[in-house]
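Chemist: Build me a model:
(one chain, ligands or ions: 1)
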Amino acid sequence: MRRTAWIFLAAILLPSLALAWLAVRSARDQQVILEHQQAIISQDVTDALAKKVRDQLDDTRSAFVQRTQKLLEKSSAPSALARNFNRELHNSWNLAEVGFAVGLNGTIYSPESRQGTVAKTFRSENDRFLSNRENVPVFAQNSQQTFSLDLNNAGNPTGVNSQVGNTFPLGAQSQASNQIAQASKQPTAVVNPQTQMAQVERQVVPQKSFAPRQSALSNTLPAESDFRKVIGTDTSGVLARFLENKLRLMVWYRPPNAGSLVFGAQITQQELIQSLAPLLLSPDLHRGADAAGSNSAKSAYCLALLDDRGKPVALSRAGFTAEWKHPLVATEVGETLPHWEAALYLVDPQQINRSASTLQLTLGFVVLTLVAAILLGGWLMAADVRRQMTLAQQKTDFVGNVSHELKTPLTSIRMFADMLADGRVTEPDRQSKYLRIISAESARLTRLINNVLDFARLERGVSSAERGFCDLVAVVQEVVDTCRPHLETIGVPLALEIKAQTLGIVGDRDALAQIVLNLLSNAEKYGDHEILVHVRQEKCASGFLGCVDVLDRGPGIPPKHREAIFKPFRRLHDSLASGVSGSGLGLTLARRMAQAHGGNVTCSARPGGGSCFTLAVPLSQAKSDED
Ligand code: ADP
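Modeler: Coordinates of the predicted model:
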């Protein structure tokens, strides 16, 4: 039994548990891969949004160039327009906060400080820069080139810079990096030893970032320069400055036939944001984002444009709020809007975790159910093996018992027969006594052999019934008459009480006789030398029953064994140990034969001690009707 348990453990339970563990693990890995894929697709979406914003700013620059060209066409000379440029531009372009015109030699033609507070502030903020008297940190994107440090050469992987244009090396790189950090007023600055320029930390920290495209440090770097160096040989561009922690965005244009004149405009942030807001709703972005959240609802994310302080200025879902500095993914817009970010947030960030834990729970449940099923199967298997082993043991016992059963009567038959044959017994009384013993013992042998043969026949499903009409009373009478001489010899009184004249039955006479004989034989073996046989008729729901009770004064059968003793080979006491021999088949056969007649054999307690075995068989309808 223990071996079977080990085999079960090693061959079924342990491999199943290992498989279950692998399944749970692979589900977890799958979840991680899915999350990663979602983040990568989301990153593509924010990359695309950042590019759209850059393109929009480029369009703004082109719009400014066209607007200026129109004004130039209308005006008598570029220098005439230069003096009135602020007013003229203001009237024709709503994105312009201030229009300015400067000569690359340092002369500022427009705006004039007296043109209002905005113009006055502009002049005080930008005079020294525009007239090339001061180098300031600027972020610039010219129509041809990106104006910033050559970060690629400096060993810093900047996807943004390499995407939008060439870098523009400056002589101003050696300026102290601290100044820049202060000017851009970012919280912390790290000095890149190779460029001696400060790289600032990004305002947002995406939950997922993909090195080397993404890092905690900003990819956009200012360069120290005056206006003339920014312009260089280009014709138009965008430049950005941080002044008092506020972004100033400018576009500029140098008309080919206007000498050293440069026209420019400071963009109204409010208007700019309004022009950028529709980009967040563009359908191609949302197709990408939907792919990212393929299992979630269509509106399970929000795109946002964050300004340089990490505050949202435009959203794809009105009213959405989140911890703005921790989007799922984010991409920096680039030099044209330094430190601005295109970010993607999940509306329900817990959803991923929830669906992961639902998956884990489902899988756990399935695994537990399977393990339970395996254990149950194992238990059933073990029970079956145990049953088979018990049966095998009983069969072995049976062989031992039957051999013993055969040997005992044979020994006495031989002994008494030898004595008679040798002529050693001369008294007629003793002679007839020994002959009776020989006869009884051979009857016992016959009974035993019949039992074994009948059982084998029943097991094979062969019916031995030779059916005919018979009288149960007569059958019992006959069996009792046969047994009585032997029982009297051994001092066992046998009383017969008959409470019915005839009990007509359609059945096998020999089988009925064998049942009664088996019950009597048991009463003799186990009883205390007082047997009563009671024949009667009983009424039941379906008609009448013929009943034979065989009662003894033996030890009786405990109630819990009263059904078990009818099972094959089942014995309450081991014959070899108890001295009462038997095969464990007598009652099994008795019951099966009775059942073949539509009846049964049952066991109950005899009032006053001992047991009572009852054979009950339905009476033949015709006969009982006659009664
Ligand atoms: P066996 O050949 O062992 O007698 P049976 O099928 O006739 O086989 O009986 C099964 C068991 O039931 C016996 O071994 C015995 O323990 C018990 N039994 C049967 N009849 C009696 C009885 N009259 N009194 C006590 N125990 C009995």
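Chemist: what's the neighbour count on residue 401?
Modeler: 22 (other Cβ atoms under 10 Å). C-beta: built from backbone N, CA, C; applies to glycine.
Chemist: hang on, it in a helix?
Modeler: Yes: Residue 401: assigned to a helix according to DSSP: H, G, I helix; E, B strand; the rest coil.
Chemist: shaky segments in this structure?
Modeler: Within the chain, the stretches with pLDDT under 70 are 1, 144-199, 209-215, 288-299, 461-466, 573-579, 581, 622-627.
Chemist: any idea which residue sits dead centre in it?
Modeler: residue 363 (0.9 Å; Cα atoms, centre = their mean).
Chemist: So is the strand or helix carrying it next to the ligand?
Modeler: Assigned by DSSP states H and E, residue 363 belongs to helix 350-421. No: judged by Cβ under 6 Å from any ligand atom, helix 350-421 stays clear of the ligand, getting no closer than 7.3 Å.
Chemist: what's that helix packed up against?
Modeler: helix 2-8, helix 14-74, helix 428-460, helix 575-578 (3 or more Cβ pairs under 8 Å, 6 or more residues apart in numbering; DSSP states H and E).
Chemist: Close to the ligand: what parts of the stretch 401-550 of the chain are there?
Modeler: So the stretch 401-550 of the chain meets the ligand at 522-523, 526-527 (Cβ under 6 Å from any ligand atom).
Chemist: Among those, which one sits closest to residue 572?
Modeler: Of all these, residue 572 sits closest to residue 526, with 8.8 Å by Cβ to Cβ.
Chemist: list the contacts for that closest one?
Modeler: Listed by Cβ atoms under 8 Å, 6 or more residues apart in numbering, the contact partners of residue 526 are 552, 554-555, 580, 611.
Chemist: Out of the residues you listed, which two sit at the greatest distance?
Modeler: Across the contacts of residue 526 (Cβ to Cβ), the longest gap, 14.1 Å, separates 580 and 611.
Chemist: sorry, back to before: can you tell me how far the residue nearest to the centre of the chain sits from residue 20?
Modeler: 9 Å (Cβ to Cβ, to the nearest Å).
Chemist: quick one: the strands in the stretch 51-200 of the chain?
Modeler: Counting by DSSP state E, counting those that start in this stretch, the stretch 51-200 of the chain has strands at residues 96-103, 108-110, 136-142, 146-147, 189-192, 197-200.
Chemist: Which elements pack onto the third one?
Modeler: Put plainly, it is strand 136-142. strand 146-147, helix 177-184, strand 223-225, helix 227-231, strand 236-243.
Chemist: what angle sits between it and strand 236-243?
Modeler: Angle of strand 136-142 versus strand 236-243, following axes from the mean of the first three to the mean of the last three Cα atoms, to 10 degrees, is 150 degrees.
Chemist: pretty sure residue 56 is touching residue 279, no?
Modeler: Yes: judged on Cβ atoms under 8 Å, residue 56 makes contact with residue 279 at a distance of 6.2 Å.
Chemist: Now residue 500, what are its backbone angles?
Modeler: Backbone torsions of residue 500, given as degrees, to the nearest 10, read phi -140, psi 150.
Chemist: Near the ligand, which residues of the stretch 101-250 of the chain are found?
Modeler: Counting by Cβ under 6 Å from any ligand atom, the stretch 101-250 of the chain has no residue next to the ligand.
Chemist: What is the neighbour count of the nearest residue to residue 397 once chain neighbours are set aside?
Modeler: Leaving aside its chain neighbours, residue 397 sits nearest to residue 569 (6.7 Å; criterion: Cβ to Cβ, 6 or more residues apart in numbering). Neighbour count for residue 569, taken as other Cβ under 10 Å: 19.
Chemist: check contacts around residue 569.
Modeler: Counting by Cβ under 8 Å, 6+ apart, residue 569 has contacts 391, 394-395, 397-398, 583-585, 588.
Chemist: what kind of secondary structure is it in?
Modeler: Per three-state DSSP, the local secondary structure of residue 569 is coil.
Chemist: Next one: whatever residue of the stretch 301-450 of the chain ends up closest to the ligand relative to residue 407, how far apart?
Modeler: Ranked by Cβ to the nearest ligand atom, the top residue of the stretch 301-450 of the chain for proximity to the ligand is residue 401, at 7.3 Å. Separation of residue 401 from residue 407 (Cβ to Cβ): 11 Å.
Chemist: Does residue 475 touch residue 517 like I think?
Modeler: No: contact criterion Cβ under 8 Å: residue 475 and residue 517 do not qualify, at 10.0 Å.
Chemist: Residue 391: neighbour count?
Modeler: Residue 391 has 13 nearby residues by other Cβ under 10 Å.
Chemist: returning to that earlier point: mind checking which of the residues of the stretch 401-550 of the chain next to the ligand are in strands?
Modeler: Per DSSP state E, strands hold no members of these.
Chemist: from these, which would you call buried?
Modeler: With burial judged by 16 or more other Cβ atoms under 10 Å, the buried subset of those is 522-523, 526-527.
Chemist: I'd like these laid out as a markdown table, including distance to residue 46.
Modeler: Compiled in a markdown table, those are given as follows (distance: Cβ to Cβ, whole Å):
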| residue | distance to residue 46 |
| --- | --- |
| 522 | 93 |
| 523 | 97 |
| 526 | 93 |
| 527 | 98 |
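Chemist: In helices, which of these fall?
Modeler: 522-523, 526 (DSSP state H).
Chemist: sorry, back to before: redo the contacts of residue 569 as JSON lines? Include distance to residue 488.
Modeler: As requested, the contacts of residue 569 are exported to JSON lines (distance: Cβ to Cβ, whole Å):
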{"residue": "391", "distance to residue 488": "40"}
{"residue": "394", "distance to residue 488": "35"}
{"residue": "395", "distance to residue 488": "37"}
{"residue": "397", "distance to residue 488": "33"}
{"residue": "398", "distance to residue 488": "32"}
{"residue": "583", "distance to residue 488": "26"}
{"residue": "584", "distance to residue 488": "28"}
{"residue": "585", "distance to residue 488": "27"}
{"residue": "588", "distance to residue 488": "29"}
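Chemist: of the residues you listed, buried ones?
Modeler: For the contacts of residue 569, buried by 16+ other Cβ under 10 Å: 394, 397-398, 583-585, 588.
Chemist: May I ask which two of those residues are separated the most?
Modeler: 397 and 588 (14.2 Å).
Chemist: Beta-bridge partners for residue 549, please?
Modeler: residue 534, residue 614 (DSSP bridges).
Chemist: ok, back up a step: and the buried ones among the contacts of residue 569, which is closest to residue 541?
Modeler: residue 588 (26.9 Å).
Chemist: For the closest residue to the closest one other than its chain neighbours, which residues are in contact?
Modeler: Nearest residue to residue 588, sequence neighbours excluded (Cβ to Cβ, 6+ apart): residue 568, at 4.8 Å. Contact analysis of residue 568 by Cβ under 8 Å, 6+ apart lists 394, 455, 584-585, 588.
Chemist: between those, which is closest to residue 536?
Modeler: residue 588 (24.9 Å).
Chemist: And the ligand, is the helix or strand where the closest one lies touching that?
Modeler: For residue 588, the host element (DSSP H and E) is helix 586-596. Yes: counting by Cβ under 6 Å from any ligand atom, the ligand has neighbours in helix 586-596: 586-588.
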